[in-house]
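Asks: how does the following fold in three dimensions:
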Amino acid sequence: MLKPYYTEDLLEAGCDEVGRGCLAGPVVAAAVILPKNYYHPLLNDSKKLSTAKRILLDSIIKEVAIAWAIGEATHEEIDQINIFNASCLAMHRAISQLGQLPQLLLIDGKYFNPYPNIPHQCIIDGDAQFNAIAAASILAKTYRDAYMHQLSIQYPDYGWEKNVGYPTVTHRKAIQELGLTPYHRKSYKLLAIQ
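Replies: Here you go, the predicted structure:
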């Protein structure tokens, strides 16, 4: 079961990103502040939920959260500053848009570029441990999936409506046969044989 908070007395924002391993599109992050003892039986790491459950929870989280925000870093920014820095940038952009300033940031993962004037705690597999990080993982995932589904209308041959930019066989075959779209990350190994 997920823990409701890391510290009892501080206002915490959970932060997570999605799309680090994708070959195309932005990396998207979310920051979420939940009420201290919030509980929902379905709330979990977004990777462990079906699409239908993520979409359901997305609207529930947005309704109950004290504050929530989405941030992203473009594929161009990923190519310029690398995926780690772009992931941190996306998180910083989400945090800066929160309607309420948190006192502690709970970051999913091992490393983070510190956000000015707010302490943080990195937690490996945090999205499977804490409510606010799990909520952030869901908001980031549903936002990014919807974005890639929209792009798939413009670029139907890459399978983005299903693979959302991840390096599947279909995606890599399309790159090999059709070349790159303007949304591909050129700093990534785009072909398995590259």
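Asks: now E161: closest residue in space, sequence neighbours ignored.
Replies: With Cβ to Cβ, 6 or more residues apart in numbering as the measure, S152 is the residue that lies nearest to E161, at 4.1 Å, once sequence neighbours are left out. The way it works is simple: take the backbone N, C-alpha and C, and place the C-beta from them, glycine included.
Asks: actually A90, not the one I typed
Replies: Once its chain neighbours are removed from consideration, A90 has its nearest residue in A29; the separation is 3.8 Å (Cβ to Cβ, 6+ apart).
Asks: check which helix or strand covers A146.
Replies: In this structure, A146 sits in helix 131-154 according to DSSP states H and E.
Asks: that older thread, okay, the helix or strand hosting the residue nearest to A90 in CSV with CA atoms only?
Replies: With elements taken from DSSP H and E, the one containing A29 is strand 27-33. Backbone C-alpha positions of strand 27-33 (Å, rounded to 0.1, in the frame of the first residue of the first chain) are rendered in CSV as follows:
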residue,chain,number,x,y,z
VAL,A,27,9.5,14.4,-21.7
VAL,A,28,6.6,15.3,-19.5
ALA,A,29,6.5,15.8,-15.7
ALA,A,30,3.8,16.5,-13.2
ALA,A,31,3.9,17.9,-9.7
VAL,A,32,1.0,17.1,-7.3
ILE,A,33,0.2,18.2,-3.8
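Asks: that strand - what's its average pLDDT?
Replies: Averaged over strand 27-33, pLDDT sits at 98.
Asks: elements contacting whatever helix or strand comes next after that strand?
Replies: Proceeding N to C from strand 27-33, the next assigned helix or strand is helix 51-64, under DSSP H and E. Applying 3 or more Cβ pairs under 8 Å, 6 or more residues apart in numbering; DSSP states H and E, one finds that helix 51-64 makes contact with helix 131-154.
Asks: ok now the helix or strand just after the helix it packs on, how far from the chain's centre?
Replies: Past helix 131-154, heading to the C-terminal end, the next element that is a helix or strand (DSSP H and E) is helix 160-163. Here helix 160-163 is found 16 Å from its chain centre; the criterion is Cα atoms, centre = their mean, to the nearest Å.
Asks: right, I'll call it a day here.
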